[in-house]
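Q: Sharing a model that was predicted from the sequence below.
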Amino acid sequence: MTNANVLPVLQEEVVTRSRAVEQRVVGRPTSDGAGVKLTRVLTQALQRRLDPFLMLDAFGSDRPDDYIAGFPDHPHRGFETITYMIAGRMLHRDSAGHEGLLENGGVQWMTAGRGVIHSEIPQQEEGVMEGFQLWLNLPARDKLCAPWYRDFSAAELPRFTTAEGVAVTVIAGRSHGVEGAVLRETTAPLYLDLHLPGGEGFVQSLPEGHNAFAYVYRGEVTIGGEQVAAQRMAILGKVVGSDGVVLESDEPARVLLIAGQPLNEPIAQYGPFVMNTEQEIYQALNDFRDGRLAN
């Protein structure tokens, strides 16, 4: 992992044919947990197209009633959750004995594996709470692995700034020679937070077979000549010969760039359980009902 206090030696990313915007997606307002208001950007209908990613939620409010009740104890099995906190404080506790305080700029990475019951409770009564939660699928062989958890403070996350002034946080994967906080061999997730200063662009190489999308959460960007406004997700097309993506912005903008290797496995989901077959879902429900899920 790159120490935030050491300037990394950057490697040039070369893209000869950028991906274009295949589809723009407007998130769906909803609530989860004990009534936390959020926007579901990557919905169940897009899981096959954006495999290995299962869900992306964006949350952000300065109204305590929108978030104060948080997410009391609830189960997960069969995938990983990545929570990125832009602003605010959230306390995590789980049945595997993990506990951590997620604060401004930090990331919480949890592998639910065979089962975990956890809670995420705001540690503030006022102010802004803003961030994202991404669900990353596990391959069939790893769905019943032991749970794993790690908190990364903002200072622990690898960062770099390009010659054009684009500030990049590398949550997962590799970019410009900088290795992210987490690497996964099978799904090979790339998770970048890009802060474009305006009037500049950012180049990222991507394997041709990987699924990829960008979520603009401040400002506006242009990808392949197509404008993508704030609070919009752009699914990036897969075209033979494309080797990456180029993002440009006339004004300051902030974007999540996410990509990964598809698993191409069946997806069976029932709420917080994501397996490969309906029978495995029934087993998860029975295990949860009988108190075996987190054993």
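A: It's in. No experiment lies behind these values; they were computed from the predicted model shown. Residues are numbered from 1 along each chain as shown.

Q: ok now the helix or strand of the chain with the lowest mean pLDDT, how far from the chain's centre?
A: The helix or strand of the chain with the lowest confidence, counting by mean pLDDT, DSSP states H and E, is strand 28-32 at a mean of 88. For strand 28-32, the separation from the chain centroid amounts to 17 Å (computed by CA atoms, centre = their mean, to the nearest Å).

Q: Tell me how many other residues crowd the closest residue to E126 other than its chain neighbours.
A: Leaving aside its chain neighbours, E126 sits nearest to P64 (5.8 Å; criterion: CB to CB, 6 or more residues apart in numbering). C-beta here means a position set from N, CA and C on the backbone, and glycine is covered the same way. Neighbour count of P64, defined by other CB atoms under 10 Å: 14.

Q: picking up where we left off before, buried residues in the least confident helix or strand of the chain?
A: By 16 or more other CB atoms under 10 Å, strand 28-32 has no buried positions at all.

Q: on that earlier part again, for the residue nearest to E126, give me its contacts.
A: P64 sits next to 124-126 when contact means CB atoms under 8 Å, 6 or more residues apart in numbering.

Q: ok, of those, which one's closest to D142?
A: Nearest to D142 out of those is Q124 (CB to CB; 34.9 Å).

Q: Would you mind measuring from the closest one to S61?
A: 12 Å (CB to CB, to the nearest Å).

Q: Neighbour count for the two, which is higher?
A: Ranked by neighbour count (other CB under 10 Å), Q124 and S61 place S61 first, with 17 against 14.

Q: I'd like the distance from the closest residue to that one other than its chain neighbours to V14, if you could.
A: Using CB to CB, 6+ apart and skipping the chain neighbours, the partner closest in space to S61 is Y67 (5.8 Å). Distance of Y67 to V14, computed by CB to CB: 42 Å.

Q: again, but for F59
A: Separation of F59 from V14 (CB to CB) stands at 36 Å.

Q: Give me the more crowded residue out of these two.
A: F59 (22 against 9).

Q: Now for that one: which residues touch it?
A: Taking CB under 8 Å, 6+ apart as the test, what F59 contacts is 36-39, 67, 129-133.

Q: Phi, psi for it please.
A: In terms of degrees, to the nearest 10, the main-chain angles of F59 are phi -130, psi 140.

Q: Quick check: bridge partners of it?
A: In this entry, F59 is beta-bridged to G131, by DSSP bridges.

Q: same thing with F53?
A: Under the criterion used (DSSP bridges), F53 bridges to L136.

Q: That one contacts L136, correct?
A: Yes: with contact defined as CB atoms under 8 Å, F53 reaches L136; the gap is 6.1 Å.

Q: higher neighbour count, these two?
A: The neighbour comparison of F53 against L136 (other CB under 10 Å) goes to F53, with 26 against 22.

Q: Check which helix or strand P72 maps to.
A: strand 71-76 (DSSP states H and E).

Q: For the residue nearest to S61, give me the pLDDT.
A: Y67 is assigned a predicted lDDT (pLDDT) of 87.

Q: Phi, psi for it please.
A: For Y67, the backbone dihedrals (degrees, to the nearest 10) come out as phi -140, psi -10.

Q: just V228 next, same as before
A: The phi and psi values for V228, taken as degrees, to the nearest 10, are phi -130, psi 120.

Q: does the nearest residue to it once chain neighbours are set aside have beta-bridge partners, and which?
A: Of all residues not flanking V228 in the chain, A234 sits nearest, at 4.5 Å (CB to CB, 6+ apart). Beta-bridge pairing for A234 (DSSP bridges): R24, A214.

Q: Give the full set of residues in contact with A234.
A: 21-25, 213-216, 223, 226, 228.

Q: Within its sheet, name the partner strands of the least confident helix or strand of the chain and how each one runs.
A: In the sheet, strand 28-32 lines up with strand 36-42 (antiparallel) (DSSP bridges).

Q: Run through who's touching the strand it pairs with.
A: Residues outside strand 36-42 that contact it (CB under 8 Å, 6+ apart) are 25, 27-32, 50, 53-59, 61, 66-67, 69-71, 134, 213, 215, 231, 233.

Q: Next, the angle strand 71-76 makes with that strand.
A: 30 degrees (axes from the mean of the first three to the mean of the last three CA atoms, to 10 degrees).
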